[in-house]
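Asks: got a sequence here, can you build the structure:
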Amino acid sequence: MELKTEILIIGGGASGMAAAVAAAEMGAEVTVAEANAAVGGNGLFPRGIFGVDSKIQRKKLVFADRDQIFRDCMNYSHWKIDGRIIRTLIDKSGDTVNWLMDRGVEFCVHHIPNQTPEVFHITEAEENVGHCVIRNLKRICEEKGVRILTGAKGKTLLKDEKASVCGAVCETKDGEVVIKAQKVILCTG
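Replies: Next up, the predicted model:
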């Protein structure tokens, strides 16, 4: 079988589904290829999500010092991790929580003993944050017409005559599916 799409996302976990929603909201035709029988992957398991300067924190008057959190993270790792990545994670974390809230995830800031400031966001639903995030992202994908192929394991990237990636071959229980795409995003954990 052969399919065509503007954007092919290989991996339907939290990052793949977020990428699919973002691309679909910009009007792109999107296909997600997920190896498992359902989307979510490890994105289903988080009980909460870290965030600095989210809307809900501001509403509760929780002010976190990004610089101090950065120093604490780096000191904890003995400065052996890439500080640029940690800095970006901290600086964008509140925006990520806000983006998810705008898409239906209802967070609250959770107090963990000895944690100052409160940076752990959970949901009040019975399910954990991961399930809420994936459920909402999947719903938006369905509303936006994103094609989600489950049981489709990425096997080989396709390249054009200029050696640019232009799709992938995915393995399914029924055989191979060739997916040609203008852009390919790998989100395979």
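Asks: could you give the number of residues near the nearest residue to Phe107 once chain neighbours are set aside?
Replies: In space, and not counting its chain neighbours, Phe107 is closest to His121: 4.3 Å by C-beta to C-beta, 6 or more residues apart in numbering. (Each C-beta comes from the backbone N, C-alpha and C, glycine too.) By other C-beta atoms under 10 Å, the residues close to His121 number 25.
Asks: swap in the one 5 residues further on?
Replies: A total of 7 residues lie near Glu126 under the criterion other C-beta under 10 Å.
Asks: ok but it is inside a strand, no?
Replies: No. Under the criterion used here (DSSP: H, G, I helix; E, B strand; the rest coil), Glu126 is coil, not part of a strand.
Asks: if we can go back for a sec, remind me what the strand or helix carrying the residue nearest to Phe107 packs against, helices and strands.
Replies: Take DSSP states H and E as the rule and His121 turns out to sit in strand 120-123. Counting contacts by 3 or more C-beta pairs under 8 Å, 6 or more residues apart in numbering; DSSP states H and E, strand 120-123 is packed against strand 49-50, strand 107-110, helix 129-144.
Asks: what strands line up against it, and which way round?
Replies: strand 49-50 (antiparallel), strand 107-110 (antiparallel) (DSSP bridges).
Asks: residues in contact with the longest one?
Replies: What that stands for is strand 107-110. 48-49, 51, 54, 56-57, 60, 62, 97, 100-101, 118-124, 129 (C-beta atoms under 8 Å, 6 or more residues apart in numbering).
Asks: for stretch 171-187, same thing?
Replies: 1-13, 15-16, 19, 31, 33, 149, 151-155, 157-158, 165-170.
Asks: so which of these are in helices?
Replies: Ser15, Gly16, Ala19 (DSSP state H).
Asks: can you tell me how far the nearest residue to the first one once chain neighbours are set aside is from Ala64?
Replies: Looking back up the chat, that one is Ser15. Leaving aside its sequence neighbours, Ser15 sits nearest to Cys187 (C-beta to C-beta, 6+ apart; 4.3 Å). Distance, Cys187 to Ala64, by C-beta to C-beta, to the nearest Å: 28 Å.
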